[in-house]
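Any chance you can model this:
(2 chains)
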There are 2 protein chains.
Amino acid sequence: MADINTISKQFTDFYYQTFDTGRAGLQSLYRNESMLTWEGVPVQGVNDIVEKLTSLPFEKVVHKVMTLDAQPSSPTVASLIVSVTGLLVVDDSPNPLQYSQVFQLIPDGGSYYVLNDIFRLNYGA
Amino acid sequence: MADINTISKQFTDFYYQTFDTGRAGLQSLYRNESMLTWEGVPVQGVNDIVEKLTSLPFEKVVHKVMTLDAQPSSPTVASLIVSVTGLLVVDDSPNPLQYSQVFQLIPDGGSYYVLNDIFRLNYGA
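Below you'll find the predicted structure:
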């Protein structure tokens, strides 16, 4: 099996490319038990999560990952926690927004699904 | 049992108060299987984690939590993922540093220990 740094890089590349080009395509990554907390608002289940993501009020968005860290999250299952910090360019704004996002990925056949997803914008002091 | 928001608030209050007043006291929160990734540097096990934390090159530090989110991280165990964004004031600097930190807490008797800990400073664009 690929190491967790390779898996987390492949996952985040796919996740953010899909987010930035067609958010509805993220549906394949979530299950009914999946949880998303977006800017403090909790949503559960693939349908509600995709509805939340596709209704976010920006037309055009580009994620730029600045740091990416991963750790195994269980002694018995090949799950992992992925922590991302990065920049979000929304609707061609000249001022990128800093964000933090955490995922827990659960193995599922030859792939992974997202059980946990927590997103926050980081505002300055 | 208390809800996860209460648990995560109690945990982060204790964690950051202990960090800011005597980092060696964080030893009780980690186990041999615990992992810390500090600014991209991975460390495992309670002894190496405490050595890393106590050797960080600042004399005086104050954490200010700005956002705190928690989700259950397992369908079978009362573990949780806690995601924090906040500000770090180091050695009375007038410029607080933004940080992101993620914990996975595992129930252990009537309390919790930290299995996963990922810390990153957030620099601007």
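
Provide the contact partners of stretch A:57-70 at residue level.
Residues from elsewhere that reach stretch A:57-70, judged by C-beta atoms under 8 Å, 6 or more residues apart in numbering or on different chains: A:4-5, A:7-9, A:12, A:16, A:19-20, A:80-92, A:96, A:99, B:37, B:40, B:118, B:120, B:122-123. C-beta coordinates here come from the backbone N, C-alpha and C atoms, glycine included.

of the residues you listed, buried ones?
A:4, A:7-9, A:12, A:16, A:19, A:80-89, A:96, A:99, B:37, B:118, B:120, B:122 (16 or more other C-beta atoms under 10 Å in any protein chain shown).

Show me those that map onto helices.
A:4, A:7-9, A:12, A:16, A:19 (DSSP state H).

Output the residues you listed as TSV; include the columns pLDDT and distance to A:L29.
Below are those laid out as TSV (pLDDT from 0 to 100; distance: C-beta to C-beta, whole Å):
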residue	pLDDT	distance to A:L29
A:I4	94	17
A:I7	96	13
A:S8	97	14
A:K9	97	15
A:T12	98	11
A:Y16	98	12
A:F19	97	10
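
which intervals of chain A have sub-threshold pLDDT?
A:1-2, A:124-125 (pLDDT under 70).

how about the residues of it that lie near chain B?
A:33, A:35, A:37, A:40, A:42, A:66-67, A:69, A:71-75, A:81, A:83, A:85, A:87, A:95-96, A:98, A:100, A:102, A:104, A:115-116, A:118, A:120, A:122-125 (C-beta under 8 Å from any C-beta of the partner chain).

related to what we said a few turns ago, which of the contacts of stretch A:57-70 fall within strands?
Judged by DSSP state E, these include A:80-90, A:99, B:37, B:118, B:120, B:122 as members of strands.

Out of those residues, which comes closest to A:D48?
Closest approach between these and A:D48, by C-beta to C-beta: A:Y99, at 21.0 Å.

correct me, but the closest one touches A:Y123?
No. Checked against C-beta atoms under 8 Å, the pair A:Y99 and A:Y123 is beyond contact range at 10.4 Å.

ok, now which ones touch A:F14?
No contacts exist for A:F14 under C-beta under 8 Å, 6+ apart.

Okay, it and chain B: tell me how far apart.
In this view, A:F14 and chain B are 21 Å apart by C-beta to the nearest C-beta, to the nearest Å.

Helix, strand, or coil at that residue?
helix (DSSP: H, G, I helix; E, B strand; the rest coil).

do A:T76 as well
A:T76 ends up coil, using three-state DSSP.

Enumerate every residue touching it.
A:T76 neighbours (C-beta under 8 Å, 6+ apart): none.

separation between it and chain B?
Counting by C-beta to the nearest C-beta - A:T76 and chain B are separated by 10 Å.

Ramachandran coordinates for that residue?
Recorded main-chain torsions at A:T76 are phi -120, psi -20, according to degrees, to the nearest 10.

and if you look at A:S93?
According to degrees, to the nearest 10, A:S93 has phi -60, psi 140.

Quick one: list the elements packing against the helix or strand harbouring A:I106.
Per DSSP states H and E, A:I106 falls inside strand A:97-108. Contact analysis of strand A:97-108 by 3 or more C-beta pairs under 8 Å, 6 or more residues apart in numbering or on different chains; DSSP states H and E lists helix A:4-21, strand A:80-90, strand A:111-122, strand B:80-90, strand B:97-108, strand B:111-122 as its packing neighbours.

Report the angle between that strand and strand B:111-122.
130 degrees (axes from the mean of the first three to the mean of the last three C-alpha atoms, to 10 degrees).
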